[in-house]
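**Q** pasted the sequence and its predicted model underneath.
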Amino acid sequence: MLQVTTVAERVGPAVVRLGRGARRGCGTVVASDRVLVFSHTLAGDRVELDVAGDVKEGKVLASDLGSGLSVLETQTGGVEALRWSPVTPNLGDPVFALGDPGTGLRVTEGRVSADLLRVRGRGGRLVSAIEHTAPMPRGAGGGPLVNAAGELIGINALRGDPGFLIALAAESARAASDRLLRGEPDVARLGVAVAPPRAARRMRRAVGLPDRAGVLVRDVEAGSAAEAGGVLAGDLIVAVGNEEVQHPDALVDTLQRVAGTTVALHVVRGVDEHRLEVDLSAKARA
């Protein structure tokens with residue numbers, strides 16, 4: 001198993017400090033000249049970075065609303081990108097958290113303190129997360145969480161209960177990072193506000209409509225893909241293509257798989273079912 005000093009030597013150079021023009025935060029080198037950060041730590045499309053002791057300028061290439069991550073382009077020189085672990089950590093596994101809150105590199109050791117969690121990300125979507133006990137100070141968010149082999153298993157996101165931290169797990173972070181690095185569209189933005197399932201059922205009953213599993217549209221954003229496709233407030237989305245959707249999270253997951261395409265959206269309007277063609281190829285993001 002790696003020791004803290006070895007982790008600092010091997011993994012530490014891949015920890016990037018966000019400088020002026022940014023809120024407090026860190027980044028992680030995940031590819032040559034590419035740094036993964038949390039979008040909320042940025043203040044604009046360009047930011048000053050400290051990469052292995054050298055001040056560089058970083059430019060935002062793309063952002064993922066679901067995970068809250070952005071990829072920056074900057075000169076990383078000879079810094080070796082961290083490798084994603086192919087294995088999900090288990091309860092009790094040792095982990096190392098790294099970050100630079102502005103006072104130099106911090107490296108701490110801890111353990112995975114819970115089974116893999118499903119939590120709401122900054123974009124409001126369910127993401128996979130790791131709860132662990134490797135403490136990090138404020139300003140270290142965006143730094144890597146690595147396993148005993150020095151492989152990247154998560155991106156440290158926030159403090160949980162006293163003594164615990166939450167990291168965006170590789171399961172969610174890697175998928176977003178890989179998509180951004182390939183230049184693929186973000187999760188498709190349909191452009192609708194939806195009602196929670198219970199509220200949706202209550203609203204339909206209130207106007208004398210029968211119960212039906214689906215996602216009720218409360219509002220449609222002007223200029224969105226939904227508006228262009230003919231979606232109206234009050235529509236009940238029951239399927240995307242051949243996949244039924246009965247919950248907002250299912251709708252988001254389905255849209256993620258079809259981002260960048262034109263899809264058939266099946267909606268119930270009153271008691272009648274309609275098939276609408278919605279173009280998700282434009283970067284109308286959700």
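**A** It's in.
**Q** helices and strands of this protein: which one bottoms out on pLDDT?
**A** Sorted by mean pLDDT, DSSP states H and E, the helices and strands of the chain end with helix 248-257, the least confident at a mean of 80.
**Q** and it, which residues are buried?
**A** Across helix 248-257, burial judged by 16 or more other CB atoms under 10 Å covers 248, 250-256. In this view, the C-beta of every residue, glycine as well, is placed from N, C-alpha and C.
**Q** cool, and stretch 234-244?
**A** 234-240.
**Q** strands along the stretch 151-286 of the chain, start to end?
**A** 152-159, 165-169, 192-194, 215-220, 236-240, 243-244, 262-269, 272-279 (DSSP state E, counting those that start in this stretch).
**Q** average model confidence for the fourth one?
**A** What strand 215-220 shows for mean pLDDT is 91.
**Q** same question, stretch 258-270
**A** On average, the pLDDT along stretch 258-270 is 87.
**Q** ok, and the closest non-adjacent residue to the most centrally placed residue in the chain?
**A** Geometric centre of the chain, nearest residue: residue 67, 0.7 Å, by CA atoms, centre = their mean. Spatial nearest neighbour of residue 67, chain neighbours left out: residue 176 (4.0 Å); criterion: CB to CB, 6 or more residues apart in numbering.
**Q** residues in contact with the one you found?
**A** 64, 66-67, 69 (CB atoms under 8 Å, 6 or more residues apart in numbering).
**Q** where's it relative to residue 263, distance?
**A** 21 Å (CB to CB, to the nearest Å).
**Q** ok, which stretches of the protein are helices?
**A** With helices called from DSSP state H, the chain shows them at 4-10, 170-181, 197-206, 225-229, 248-257.
**Q** closest one to residue 280 among those helices?
**A** helix 225-229 (5.6 Å; CB to CB).
**Q** other residues contacting that closest one?
**A** Taking CB under 8 Å, 6+ apart as the rule, helix 225-229 contacts 188-192, 217, 220-221, 265, 276-280, 282, 284.
**Q** mark which of these are buried, thanks.
**A** 188-192, 217, 220-221, 265, 276, 278, 280, 284.
**Q** nearest to residue 92 among those residues?
**A** Closest to residue 92 out of the buried ones among the contacts of helix 225-229 is residue 188 (38.3 Å), distances taken as CB to CB.
**Q** coming back round to it: which neighbouring elements make contact with the least confident helix or strand of the chain?
**A** strand 215-220, strand 236-240 (3 or more CB pairs under 8 Å, 6 or more residues apart in numbering; DSSP states H and E).
**Q** okay if I get these as a markdown table plus distance to residue 53?
**A** Formatted as a markdown table, the helices and strands packed on helix 248-257 follow (distance: least, CB to CB, whole Å):
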| stretch | distance to residue 53 |
| --- | --- |
| strand 215-220 | 49 |
| strand 236-240 | 48 |
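**Q** so how far is stretch 174-188 off the chain centroid?
**A** Relative to its chain's centre, stretch 174-188 lies at 10 Å (CA atoms, centre = their mean, to the nearest Å).
**Q** same check, this time on stretch 142-153
**A** Centre-to-centre, stretch 142-153 and its host chain are 17 Å apart (CA atoms, centre = their mean).
**Q** thanks a lot, catch you later.
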